[in-house]
Every structure is written in structure tokens, then in C-alpha cells.
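K.L.:
how would this look folded up:
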Amino acid sequence: MVDPPPLTALIGKDTASIGELLAARVARTPDSPFIRCAGRCWTYAEAWDAARRFAGFLQAHGLAGQRITAFLPKSPEALFSWFGASLSGGVWVALNRAHRGAVLKDLLDRARARLLVTDRDGWQIIGPLLPPEMTQVLFTDEVPDDLAPSVRALHWASVLNAAPAEPVACAPGSVATLLYTSGTTGRSKGVLLPHTMYVRGAGWLVDSYGFRVGDVFHDWMPLSHIGGQLHVTMTAIVAGACLAQVPAFSRRSFWDEVRGNGATAFFGFSSILALLLEAPAGPDDRNHALRVGLIGSMPAEVLTAFERRFGVRLLDTYGMTECEPLTLPVPGTPPGSCGWPSPDFKVAVLDQEDRPLPAGAAGRICMRPRRPFVMMLGYEADPEATVEAWRNLWFHTADRGRFDAEGFLHFIDRMKYAIRRGGENISTSEVERVFLSHPELAACAAVGVPDTVMGEEVKLIAVPRPGSDVHPVDLHAYALTHMAAFMVPRYIELTGALPYTDVGKLKREELTGTGGRVWDARAATGPK
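P.N.:
Got it, this is the predicted structure:
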């Protein structure tokens, strides 16, 4: 069985719990910087002490080994609560700070925790939604004055003053976290993730990307996302790197943050590359220390343009909350590919009857683990969804892709975003790829719009470059000469920016309108 070399070199075996991994890193490089945030720095030894004190706090309050819900911004305290929960044998549940109202209440109720860790700002959002069983709230800053009598408020000082606890032994295959999916295909699913997936997944990423002691991650990804947890935090621990925490991704402040922290690595999706490329080129474009970017789902055109302009090597990987990473970059990976399958997984592209497709043919991406506990243990309280995803002994993703003749996987798009127009299946990513080569456009998105005759029509939402006077008529004419006729957008809308989620994913559901300033080719030229 193949094992990730950096992992076995660090811990001396093929897997471990999160607590064991952190302990091994502390033993190896205790004084190396681990977290930088708001002008402060924590070494690995100091973070280890804080995590053990959080575990001691849990023991003192009868919460060891239980679920801990966190509703926190990017912060050292969020990491200490996660690691402390793991050291006590518990399960950490991070909730997305972008959620509100009924959706947030549903996630909070399903977490089934007695303790909530939050701050004063978070309390204003989540406080009114607190379930009856969640009786204790730990604040990382000031405790509000207007708490209900039923809420026992605790201050972070009680963590700092707690006696450090001895770590509890956790089986590598036991549940480490409960993460909720984004809900793009329905109600968010609760994904039960084992320690092994985090530890081995991070080991493979360090091996493939060449991360090392002294690297500094530009760390903006929320810890309610698998990218923030595995691709950044756990990968940094295996490598012995430092996390330079910032509140969120910002196109305006990204390069200042990178330069100020001496960042050498960053993580994100192709959308943040497009946002950074929208800014005018300047003399400081290569004035930074970034060496490598760990990016998901990059069109070849975006990768090439970014590397050429900023001098940063970009490498793709493919996966999802349920199983990460499914693919890894290897030497010779072509632009636009997310690499070869990880040694821990068998990956296939299947047709509608779950039969393997030949190289070049597009179908659903499916996978099987090659070793125990490298993917989710199941969807919590949803056995039907778990069984459905696992039909015919393949885990079925919601993504379309293809293998090329050399065995590299190419992600195409989400299954739900494919457009069915008059009997033709249209890939939104293929439409977008054509328009991204237009010299007047900085970014674009394609979506399907319901139509009583054609089933769906194609709509393009385009962001012109600064100073451009491009018109929808020009873009329509461009499409007529650069793509199949059935792919040509009927609707075209020009906008100043595309809407993204807090992790940089496009909000396609907000782009399907056809009124207002949306140009309609049929109305302009007559039916064809």
C-alpha cells in the first residue's frame, strides 16, 4: 500500500488522528510559527498549549468527548476550539458565518451540541436561534449583557486559565468533524468526516505541491469549508508551514496581504483568479513571494494568463466535502486538468447506467476508496442519501468530467448546471471558455433559462474589461463564429461584477433573470 512520504516521515506510520498529527509536528518544530493573525503570532508549541487548555476547559465543564459547535470568523480561537475538541475525543461542527435565519437554525439544530463557541457579532445573528439543549455559550471576546437566564455565558479567559488536558486516544477512523455541504443540490447534508481523511489527504497534498517548513499560507478560506480545514490548515501542519490568517478574500487587499505576510502559497477556486486578473496590469504584479497556488477547477486559459502575468505556479486538484483529495497534480499535468487519481482512490467516468466511458467521453465522475476511512463515513441522519450516492458500489459525485488519453482527469462542470436546449446538452463551462478568450471580457458566466419551446435557452452574463464599449450584439456575433449554433446564447447581460459566495463560488441561481437590461437575440433579430 502506498503512503504519503511527508506523512510517514513525520508520524512514522500511514495514518493518525488529528491530535496525533499535531503532537508529532509540535515535537518536530515546536518553535516554528504556526498562526499569524492581527499582528500576533503563535508557535506550534503555543497552539498546542492553547488546544490542550481548550480540552481541559471541556473536561471541567463536562463536555469532553461531545460535539462542539463553532460560529466564528477566521481566528486562532476557531483553530484552538477545533483542535481542543479533537484532543478531548469530541466532534467539531463549524457553521458558515454567511448563513442566516431558517437555514442557520436548521444547521444549528442538527448539530446536536450543548456548547456553542462564538463572538459578540456572531451572537447577534445566532443567539435568537439557539435550541433548548444548547445551554452553554463560550464567547471569544466580550460577553453580551442581554443574555437570557437560560444561557450560561462563559468567557475565553476560562479557557486560558484551564489546566491543559492530556490528549484522549482517538481511532483514526472515528469521526473528527461534521461538515455541512453547500446545499447547491438541495438541503445541506451533514457529512461525517474521519480523522484519516484529513491526515492522509494533507500528506498527499504536501507531497504533490512541495509544501515545506518556512512556507506561509495566505489563509482566508473559512473553516466551515473543507478547503479551509484540509487543504490549508491540515496541509500546513504536515508541512510545518505558517497560517497567515485574514478575515476573507478581498481582491483589493489580496496582494498587500500576500506581501505583508511574505506568503508563499495560497488556496482558492478559479473565480478568485478571474477576480485578480480583472485588475489592470502593473509594475508590482510580480513583486511578491508567492510560489504556488492550490486551485480547484481552473480553465486552461485562466491558468495560463495568471501564471504568465503574476509568475505563480498553479496546480489543480479535484474533490469535494465527502472525499478529498480525489486527484493530485503530477509532472506533465496539462493545463485544464486536475491531475491523476490519488493513490487512495479509484476514480472513473461513468455513463447513465454506471458503465465506464472511454477516454475523451464526458460522464459522471465516480469513485471508490482504496483504503479505509479516507472519505466520509456517511450523511448523518440521511441513510437514503448515503445509499443513493453509493449505488452499484460507486460513490456518485454531482460533477461531469472526462479522462484524456494519458489518464488525466478533466473537470467539466456540475451536473445540475448543464443546459438542455432543444435536445442538445450544453456545458456551461464550455460556453464560458469560448467567451473568456474574447479580448474585451474580464469574466463571464453561462446559465440555463427556462423556455416553453426549447426547454432551456442559454444566457451569458459578461463583465467587460475597464474602458471597454463592447455591446451584446458584438458578443453574439463572436459566438456565431466561435461555437456550435445550438450553444450560442440567446440572452446576453453586461454587468460590472459577478456574484460570489464567501468561498468564491459563483451564485448562478442569481443570474437567470431575463428582464431589464438583458439583451434578447430573438427580439433583436427575429426568430430563427
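K.L.:
pLDDT on the strand or helix carrying Leu179, on average?
P.N.:
Leu179 is part of strand 175-180, with elements assigned from DSSP states H and E. Averaging pLDDT along strand 175-180 gives 97.
K.L.:
try stretch 299-315
P.N.:
The pLDDT scores in stretch 299-315 average 94.
K.L.:
which parts of that stretch are buried?
P.N.:
299, 302-303, 305-306, 310, 312, 314-315 (16 or more other Cβ atoms under 10 Å). In this view, the C-beta of every residue, glycine as well, is placed from N, C-alpha and C.
K.L.:
among those residues, name the ones in helices.
P.N.:
Taking DSSP state H as the definition of helices, the buried residues of stretch 299-315 contribute 302-303, 305-306, 310.
K.L.:
nearest to Asp207, of the buried residues of stretch 299-315?
P.N.:
Leu315 (12.1 Å; Cβ to Cβ).
K.L.:
excluding chain neighbours, what is closest to the closest one?
P.N.:
Nearest residue to Leu315 in three dimensions, chain neighbours excluded: Pro329, at 4.0 Å (Cβ to Cβ, 6 or more residues apart in numbering).
K.L.:
as JSON lines, the ones in helices among the buried residues of stretch 299-315 with distance to His225 would be great.
P.N.:
Below are these laid out as JSON lines (distance: Cβ to Cβ, whole Å):
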{"residue": "Val302", "distance to His225": "21"}
{"residue": "Leu303", "distance to His225": "22"}
{"residue": "Ala305", "distance to His225": "26"}
{"residue": "Phe306", "distance to His225": "22"}
{"residue": "Phe310", "distance to His225": "24"}
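K.L.:
okay, domains of this protein per the record?
P.N.:
According to automatic domain parsing, the chain comprises the domains 43-170, 194-414, 418-525.
K.L.:
of all those, which lies closest to Arg28?
P.N.:
domain 194-414 (6.8 Å).
K.L.:
which of the ones in helices among the buried residues of stretch 299-315 lies closest to Lys346?
P.N.:
Leu303 (26.5 Å).
K.L.:
any idea how far Val312 is from the closest one?
P.N.:
For Leu303, the distance to Val312 (Cβ to Cβ, to the nearest Å) stands at 10 Å.
K.L.:
what's the closest of the buried residues of stretch 299-315 to Gly84?
P.N.:
Nearest to Gly84 among those, counting by Cβ to Cβ, is Leu315 at 32.5 Å.
K.L.:
and that closest one, how far from His438?
P.N.:
Counting by Cβ to Cβ, the gap from Leu315 to His438 is 27 Å.
K.L.:
what's next to stretch 121-138, contact-wise?
P.N.:
Identification of contacts with stretch 121-138 by Cβ atoms under 8 Å, 6 or more residues apart in numbering yields 57, 61, 63, 69, 71-73, 81, 95, 97, 100, 104-105, 108-109, 112-118, 139, 144, 147, 150-156, 158-159.
K.L.:
using PyMOL, define a selection of the buried residues within those.
P.N.:
Burial among the contacts of stretch 121-138 is assessed by 16+ other Cβ under 10 Å; the matching PyMOL selection reads:
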select buried, resi 57+61+63+69+71+72+73+81+95+97+104+105+108+112+113+114+115+116+117+118+139+151+154+156+159
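K.L.:
and the longest helix for this structure?
P.N.:
helix 44-60.
K.L.:
export that helix as PDB, just CAs?
P.N.:
C-alpha atoms of helix 44-60 as PDB (Å, rounded to 0.1, in the frame of the first residue of the first chain):
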ATOM      1  CA  TYR A  44       3.300  25.300  17.200                       C
ATOM      2  CA  ALA A  45       4.100  24.800  20.900                       C
ATOM      3  CA  GLU A  46       1.900  27.700  21.900                       C
ATOM      4  CA  ALA A  47      -1.000  26.500  19.700                       C
ATOM      5  CA  TRP A  48      -0.600  23.000  21.200                       C
ATOM      6  CA  ASP A  49      -0.800  24.500  24.700                       C
ATOM      7  CA  ALA A  50      -4.000  26.500  23.800                       C
ATOM      8  CA  ALA A  51      -5.600  23.400  22.300                       C
ATOM      9  CA  ARG A  52      -4.800  21.400  25.400                       C
ATOM     10  CA  ARG A  53      -6.300  24.100  27.600                       C
ATOM     11  CA  PHE A  54      -9.500  24.100  25.500                       C
ATOM     12  CA  ALA A  55      -9.700  20.300  26.000                       C
ATOM     13  CA  GLY A  56      -9.100  21.000  29.700                       C
ATOM     14  CA  PHE A  57     -11.900  23.500  29.700                       C
ATOM     15  CA  LEU A  58     -14.200  20.900  28.100                       C
ATOM     16  CA  GLN A  59     -13.300  18.400  30.800                       C
ATOM     17  CA  ALA A  60     -14.000  20.900  33.600                       C
END
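K.L.:
buried ones in that helix?
P.N.:
Within helix 44-60, judged by 16+ other Cβ under 10 Å, the buried ones are 44, 46-59.
K.L.:
which of those lies closest to Ile461?
P.N.:
The closest of the buried residues of helix 44-60 to Ile461 turns out to be Ala47 (Cβ to Cβ; 43.1 Å).
K.L.:
Leu460 against Arg490, yeah?
P.N.:
No. Taking contacts as Cβ atoms under 8 Å, Leu460 lies outside contact range of Arg490: 9.1 Å.
K.L.:
of those two, who's got more company?
P.N.:
Between Leu460 and Arg490, counting by other Cβ atoms under 10 Å, Leu460 is the more crowded of the two (28 against 23).
K.L.:
what's the closest non-adjacent residue to that one?
P.N.:
Distances taken as Cβ to Cβ, 6+ apart place Pro489 nearest to Leu460, at 4.0 Å, with adjacent residues excluded.
K.L.:
go ahead and confirm the one you found touches His476.
P.N.:
Yes. Using Cβ under 8 Å, Pro489 is in contact with His476, at 7.1 Å.
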